[in-house]
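Asks: Pasting a predicted model and its sequence here:
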Amino acid sequence: MIRKVEVQEAVGMRLAHDITKIVPGGFKGPVFRRGHIIREEDIPELLQVGKEHLFVLQLEPGEVHEEEAAVRIARAIGGRGLASTAPKEGRVDLKTQYRGLLKINVTLLEQLNSREDIIISTVHTNTLYDAGTTVAATRIIPLFITDLRLQEVEALTEAHGKVLQLLPIPARKIGIVITGSEVYKGRIEDRFGEIVQKKVEELGSTVLRRVLVPDDVDAIASAIASLKAERCDVIVACGGMSVDPDDVTREGIARTGATIVRYGAPVLPGSMFLYALLDGVAILGAPACVLHDPTTTFDLMLPRVLLGERLTSADIGKLGHGGLCLHCPECIFPVCPFGKE
């Protein structure tokens, strides 16, 4: 309940609004913020800024102040790898505790945000973030809310899980097959392997071996089978993914007996991406644009594959919403719209 009281009677009560102080030519801003509990020593300052009466917040049984409410919501929605900040001006942030891939239950997030007076703002799901990054924030709109409303939020997350969790990327063993007769025969120098290996190592994984093969179906299939026998967790096939008649990498992958889950992704750059599974081992067909574009479909899919996700064709199809790279003068991925569903 909000009521008007004389300053001298407000000790121990919470301010229902900010109190602004103005020093001509020097300062303008809040000297006391809403939610502040009035103390005896605050009275002279309040009188000095012309406040003989205040609007104060007096909570009734079953009512919860905005800061406590934000703390409880953050605790309810934040899962593994996320830590809550102290409340400030009614808001609590969730920050990453280590580097990892952020997973958001978007359906549950939308369900919670459909409730009046409660807001939860997040970044995008399936995005890689470093430690210490703010990835969500929450607060309530009014100064207080009923405990019953908060219990509803807590019950939903107990029933359906946390809204956000941060998954660390495990270290995997990677094999790379570089296709192309022009590379195999030494006409041009391989650049694919170096670029892909750097991307893999930046995510904490290790390349066991890089194999050069010509544009030959059997040679490609044999190289993949060899790397699988060496217990590679993921195999990356570089090049030969276009519709050119000499590009037979897709056929070589199929020759191994692998199931090609999806060939082609609604992402630019990186539309000629392939994802296949061979007895549980993921095979990624890296499109040629990996050679010249800093971020492609390969960068969107690699962290998820390293996590052990079994992707479906529909998963890859969802990338069309946000799948257009704008080729900014300075690439700031992943803090940009690219690849955000």
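Replies: Right, received. Where do you want to start? Source: prediction; values computed, not measured. Residues are numbered from 1 along each chain as shown.

Asks: How far off centre is the strand or helix carrying residue 282?
Replies: Per DSSP states H and E, residue 282 falls inside strand 281-286. The chain centre lies 23 Å from the centre of strand 281-286; the measure is C-alpha atoms, centre = their mean, to the nearest Å.

Asks: next helix or strand past that strand?
Replies: Next helix or strand after strand 281-286 toward the C-terminus (DSSP H and E): helix 297-306.

Asks: which residues sit against that following helix?
Replies: Residues from elsewhere that reach helix 297-306 (C-beta atoms under 8 Å, 6 or more residues apart in numbering): 101, 126, 128, 169-170, 172, 196, 199-200, 203, 205, 233-234, 265, 267, 269-271, 273, 275, 282, 284, 286-287, 290, 311, 316, 319, 323, 333, 339. Yep, even glycine has a C-beta here, placed from its N, CA and C like the rest.

Asks: Give the ranges of residues in this structure that sit below the confidence cut-off.
Replies: Of all residues in the chain, none has pLDDT under 70.

Asks: can you give me the helices in it?
Replies: In the chain, the segments counted as helices under DSSP state H are 43-48, 66-77, 106-113, 147-160, 181-184, 192-202, 217-229, 249-255, 297-306, 313-317.

Asks: now those helices as a markdown table including mean neighbour count and distance to residue 239?
Replies: Listed next are the helices of the chain as a markdown table, based on neighbours: other C-beta atoms under 10 Å; distance: least, C-beta to C-beta, whole Å:
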| stretch | mean neighbour count | distance to residue 239 |
| --- | --- | --- |
| helix 43-48 | 13 | 71 |
| helix 66-77 | 22 | 43 |
| helix 106-113 | 15 | 35 |
| helix 147-160 | 14 | 43 |
| helix 181-184 | 16 | 8 |
| helix 192-202 | 17 | 6 |
| helix 217-229 | 19 | 10 |
| helix 249-255 | 21 | 6 |
| helix 297-306 | 23 | 12 |
| helix 313-317 | 15 | 20 |
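
Asks: now those as CSV including distance to residue 136?
Replies: Output for those, formatted as CSV (distance: least, C-beta to C-beta, whole Å):
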stretch, distance to residue 136
helix 43-48, 35
helix 66-77, 7
helix 106-113, 9
helix 147-160, 13
helix 181-184, 45
helix 192-202, 25
helix 217-229, 39
helix 249-255, 39
helix 297-306, 19
helix 313-317, 23
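
Asks: The ones you listed: which one's closest to residue 137?
Replies: Among the helices of the chain, the nearest to residue 137 by C-beta to C-beta is helix 66-77 (8.5 Å).

Asks: and the angle from the closest one to helix 106-113?
Replies: 160 degrees (axes from the mean of the first three to the mean of the last three C-alpha atoms, to 10 degrees).

Asks: Contacts for helix 66-77 next, please.
Replies: 35, 64, 84, 87, 90-94, 112, 118, 120, 136, 138-140, 142-145, 150, 153-154, 157, 162-164.

Asks: from those residues, which ones fall inside strands?
Replies: 64, 84, 92-94, 118, 120, 136, 138-140, 144-145, 164 (DSSP state E).

Asks: most surrounded residue in the residues you listed?
Replies: The most crowded member of the ones in strands among the contacts of helix 66-77, judged by other C-beta atoms under 10 Å, is residue 138 (30 neighbours).

Asks: can you tell me which residues contact that residue?
Replies: 70, 73-74, 77, 91-92, 94, 118-121.

Asks: Show me the two of the residues you listed that sit farthest apart.
Replies: Top of the distance list for these (C-beta to C-beta): 94 and 118, 15.0 Å.

Asks: nearest to residue 54, of the helices of the chain?
Replies: Nearest of the helices of the chain (C-beta to C-beta): helix 43-48, 7.2 Å.

Asks: Just the C-alpha atoms of the closest one, please, in CSV.
Replies: C-alpha atoms of helix 43-48 as CSV (Å, rounded to 0.1, in the frame of the first residue of the first chain):
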residue,chain,number,x,y,z
ILE,A,43,15.3,13.6,7.6
PRO,A,44,17.6,16.7,7.4
GLU,A,45,18.5,15.9,3.8
LEU,A,46,14.9,15.3,2.8
LEU,A,47,13.8,18.6,4.4
GLN,A,48,16.7,20.4,2.6
